[in-house]
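A.B. asks: Return atomic coordinates for the entry below.
(2 chains)
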Amino acid sequence: AQTVTQSQPEMSVQEAETVTLSCTYDTSESDYYLFWYKQPPSRQMILVIRQEAYKQQNATENRFSVNFQKAAKSFSLKISDSQLGDAAMYFCATQGGSEKLVFGKGTKLTVNP
Amino acid sequence: DTGVSQDPRHKITKRGQNVTFRCDPISEHNRLYWYRQTLGQGPEFLTYFQNEAQLEKSRLLSDRFSAERPKGSFSTLEIQRTEQGDSAMYLCASSHPRGLQETQYFGPGTRLLVL
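C.D. replies: All right, here's what the predicted structure looks like:
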């Protein structure tokens, strides 16, 4: 069974600053994927970034990057130069041998102008 | 490419009624997933299809729930004899596998309220 834990229900950041969202997971799979999804208020969930567990290099997508610590089963998301449009719920998810995604409970990010 | 679409976007029904939701995946995506999201929680997996075959069902999918994908394109999710506990956002996602796992793209969801 896979589990995902997001220990920060809410986070806030000043515009243009950097924020890190935490995620830990547990899985018995040897081959798995990790994701961060963003869900703005009343809008659909979109993929932010994806990491293959077999890759040691941390994934980056523009202002978004991850710190993947496989041994510690940690997968944090760093958002640099935060923008007002980054305000949303952020969900960490894992996908192992089964096709299903297993999500954490989410972190609500507020960006202050 | 148009994204995943879901219909209706909102549904209010009375307890005991049946409801049906539709999902149209991204064209050529042969995998389609249903998730349920309650307030303050992350989405929870319900079931998924590869083409028209339903390959996995969660134990969350009680006997009152049925999903179909008859021609391997759109899918429907039906809830019979709705209960107040069925109130949630029902999300559909699709993916096109090129490897072992591929990114799932989500639709806007159908928000169900059971009175």
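
A.B. asks: Near chain A, which residues of chain B? Just list them.
C.D. replies: Contact residues (C-beta under 8 Å from any C-beta of the partner chain) of chain B with chain A: B:3, B:31, B:33, B:35, B:40-45, B:48, B:55-56, B:58, B:91, B:93, B:95, B:100-101, B:103-109. C-beta coordinates here come from the backbone N, C-alpha and C atoms, glycine included.

A.B. asks: Make a PyMOL selection of the buried ones in these.
C.D. replies: The buried residues among the residues of chain B next to chain A can be selected in PyMOL (16 or more other C-beta atoms under 10 Å in any protein chain shown) with this line:
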select buried, chain B and resi 31+33+35+42+43+44+45+48+58+91+93+95+101+103+104+105+106+107+108+109
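
A.B. asks: Just give the nearest non-adjacent residue to the residue of chain A found nearest chain B, would you?
C.D. replies: For chain A and chain B, the shortest gap (C-beta to the nearest C-beta) falls at residue A:103, measuring 3.1 Å. Excluding the flanking residues, the one nearest residue A:103 by C-beta to C-beta, 6 or more residues apart in numbering or on different chains is residue B:42, at 3.1 Å.

A.B. asks: Could you double-check that that neighbour sits in contact with residue A:94?
C.D. replies: No - between residue B:42 and residue A:94 there is no contact under C-beta atoms under 8 Å: 11.2 Å.

A.B. asks: Need the overlap of contacts for those two.
C.D. replies: residue A:4 (C-beta atoms under 8 Å, 6 or more residues apart in numbering or on different chains).
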